[in-house]
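Student: Here is a sequence together with a model predicted from it:
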Amino acid sequence: MKNIIREGNPILRARSSEMTFPLSNDDKQLAHDLMEFLENSQDEEIAEKYHLRAGVGLAAPQLAISKRMTAVLIPGPEGEEPSLKQVLINPTILSQSVQVAALSEGEGCLSVDRDVPGYVPRADRITLRYFDIEGVQHKIRLKNYEAIVVQHEIDHLNGILFFDHINNDKPFAIPNDAIMLE
Ligand SMILES: Cc1nc(NNC(=O)[C@H](CC2CCCC2)CN(O)CO)c(F)c(N2CCN3CCOC[C@@H]3C2)n1
Ligand code: NI
């Protein structure tokens, strides 16, 4: 299993580099490795066998590779297709809602080995542009849980960690019209 670097490693605070196409074989392998980690981490038996913390997203800098690539694997309803399964290359948020949303449980991070209590306010809806591993450009609109996960991942490409968004004086302060997601 790939080694995920932890808080304190300066790579997690760097802005990662744009990728160019065509991707090298190494970069295509990286895309595969990111997604494979997520799949394994969501498989109870494999996760237990390899002591993996479950994840729905993973960014290349977390594998100490400072490139603008992240994988997201968000399960759909039981037994259905994932609601979002994609490797995002050079992702850009083109626009976002004023409406704020946050996970009611707060956020965690596979690169942060501690609980940091508090709400992480994010845009509830985003318009995302990204390139796939073939270099094809996509523009998609995401909302709620999918939008939160993708924003967490894009933050990693910019050296931002989830607790940077938590209000230190009042960690559970959140706009009263914020959408709280279960
Ligand atoms: C919300 C959640 N966060 C999990 N972990 N943290 C992560 O994914 C970090 C990224 C997420 C933290 C908040 C937003 C993005 C990883 N990050 O650091 C990458 O940058 C989960 F594991 C999880 N789920 C729900 C779906 N379940 C399906 C079956 O398998 C178990 C799995 C558990 N939901
Ligand atoms: Ni993270």
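Tutor: Alright, I've got the coordinates. Ligands and ions are numbered 1, 2, ... in the order given.
Student: and Asp115, how many neighbours?
Tutor: By other C-beta atoms under 10 Å, 8 other residues sit near Asp115. C-beta coordinates here come from the backbone N, C-alpha and C atoms, glycine included.
Student: now for the top strand by length along the chain, which elements pack on it?
Tutor: In the chain, with assignment by DSSP state E, the single longest strand is strand 84-96. Using 3 or more C-beta pairs under 8 Å, 6 or more residues apart in numbering; DSSP states H and E, the elements in contact with strand 84-96 are helix 25-41, strand 69-74, strand 125-131, helix 144-157.
Student: Can you tell me which of those is nearest to ligand 1?
Tutor: Nearest to ligand 1, of all these, is helix 144-157, at 3.8 Å by C-beta to the nearest ligand atom.
Student: Not counting the closest one itself, show me its contacts.
Tutor: Contacting residues not belonging to helix 144-157 are listed as 12, 15-16, 56-62, 68, 70, 72, 74, 83-84, 88, 91, 93, 101-103, 107, 109, 111, 120, 122-126, 128, 142, 161-162, 164, 179, 181 [C-beta atoms under 8 Å, 6 or more residues apart in numbering].
Student: after that helix, next one along is what?
Tutor: Elements were assigned by DSSP states H and E; along the chain past helix 144-157, the next helix or strand is strand 179-181.
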